[in-house]
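**Q** I would like to see how this sequence folds:
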Amino acid sequence: LGSALAVKPLLQLDGGRIELLEKVRTASRAIARLEEIAAERASGAGTDIAVHHLAAPERASALADRLRARVPGLADLHVSEVGAVIGAHTGPGLLGVVVSPR
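**A** Numbers count the residues shown, from 1 in each chain. The predicted model follows:
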């Protein structure tokens, strides 16, 4: 049913556990919401951000560009592809963001 409705889960790592943060309909809304959450959680000056993807370098690069514009005082921003272990559980098209205050 989730596939038919194009439901995309937004997950978060909390206390070493992967938990459902919220569900969003359509991939474009999920990416927009991911951007919004990452920008909110970035504390500004001295924050590092990493955008991870699996077989979606263009979408990851576009998300990174938008985050660079939205987060003032961003210290560093990396874009990289995830490894096989995460990829086996998620599949192509994965986008993820790590926000790390310094």
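**Q** elements contacting the strand or helix carrying Arg66?
**A** When elements are assigned from DSSP states H and E, Arg66 belongs to helix 57-70. Packing partners of helix 57-70 (3 or more C-beta pairs under 8 Å, 6 or more residues apart in numbering; DSSP states H and E): helix 27-41, strand 47-53, strand 74-81, strand 95-101. C-beta here means a position set from N, CA and C on the backbone, and glycine is covered the same way.
**Q** So which of those is the most surrounded?
**A** strand 47-53 (a mean of 20; mean count of other C-beta atoms under 10 Å).
**Q** Go through it and list whatever outside residues touch any part of it.
**A** 38, 42, 59-61, 63-64, 67, 71, 73-82, 86, 94-102 (C-beta atoms under 8 Å, 6 or more residues apart in numbering).
**Q** Which pLDDT does the model give Val98?
**A** Val98 carries a pLDDT value of 95.
**Q** Now for the chain, the helix or strand with the poorest mean pLDDT.
**A** For the chain, counting by mean pLDDT, DSSP states H and E, helix 84-90 ranks last in confidence among helices and strands (a mean of 87).
**Q** contact partners of it?
**A** His52, Leu54, Val82, Leu94.
**Q** Among the residues you listed, name the buried ones.
**A** Taking 16 or more other C-beta atoms under 10 Å as the criterion, what is buried in these is His52, Leu54, Val82, Leu94.
**Q** Name the nearest of the residues you listed relative to Glu22.
**A** Nearest to Glu22 out of these is Leu94 (C-beta to C-beta; 16.8 Å).
**Q** I appreciate the help and will end here.
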